[in-house]
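Asker: for reference, the sequence and a predicted model appear below.
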Amino acid sequence: QVQLVESGGGLVQAGGSLRLSCAASGRPFSSYDMGWFRQAPGKEREFVAAISWSGGNTYYADSVKGRFTLSGDNAKNTVYLQMNRLKPEDTAVYHCAAGRVYNPSGDGYDYWGQGTQVTVSS
C-alpha cells in the first residue's frame, strides 16, 4: 500500500509556472505507474499526465503537452509535475495517483492523494 500527499499548488498569473509534488510513503513510487489528474468545479475528472515505469513511457493530455513535464526522484520517493505557461483553464484541483497500469480514464489507479488547488488568474 502507498500513501500519496500532493503539495505545491497555489495562485499564479497566466503564463506563470508551478511545480506540484506528490510524496509517496509506504512503498517506492517506482513500484507503481503514476498519474496526475485534475478536476475543475462542475467538471469531470481529467487526465493530465502519467508515467509507466515498466515501459519508461510518459503520457500527456493534448491540452498540456509541451507545457507540463512529469518527473520523479527515487531518493525522495516523490513525483513532480512541472507546469509552465499556465492558462486560466488549467485551474483545478490536481490529484496524483498510483496504480497497476497506466490508464487515462483513471481506472486501475488504486491510490489517490487528497489533491492540491491550482488557480490561474487571467
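Answerer: Alright, I've got the coordinates. Since the model is a prediction, treat every value here as computed from it, not as a measurement.

Asker: next, name the residue at the spatial heart of this structure.
Answerer: The residue lying closest to the centre of the chain (Cα atoms, centre = their mean) is Trp36, at 2.5 Å.

Asker: parallel or antiparallel, which strands does the host helix or strand of that residue pair with?
Answerer: Trp36 belongs to strand 33-39 when elements are defined using DSSP states H and E. Applying DSSP bridges, strand 33-39 is found paired with strand 46-52 (antiparallel), strand 92-99 (antiparallel).

Asker: most tightly surrounded among the ones you listed?
Answerer: Each of those was given a mean neighbour count from mean count of other Cβ atoms under 10 Å, and the largest, a mean of 23, is that of strand 92-99. For the C-beta atoms, the positions are set from N, CA and C on the backbone; glycine is no exception.

Asker: and the closest residue to Val5 other than its chain neighbours, what does it touch?
Answerer: On the basis of Cβ to Cβ, 6 or more residues apart in numbering, the spatially nearest residue to Val5 that is not a chain neighbour turns out to be Ala23, at 4.9 Å. The contact partners of Ala23, taken as Cβ atoms under 8 Å, 6 or more residues apart in numbering, are Leu4, Val5, Glu6, Ser7, Lys76, Asn77, Thr78.

Asker: understood, closing this out.
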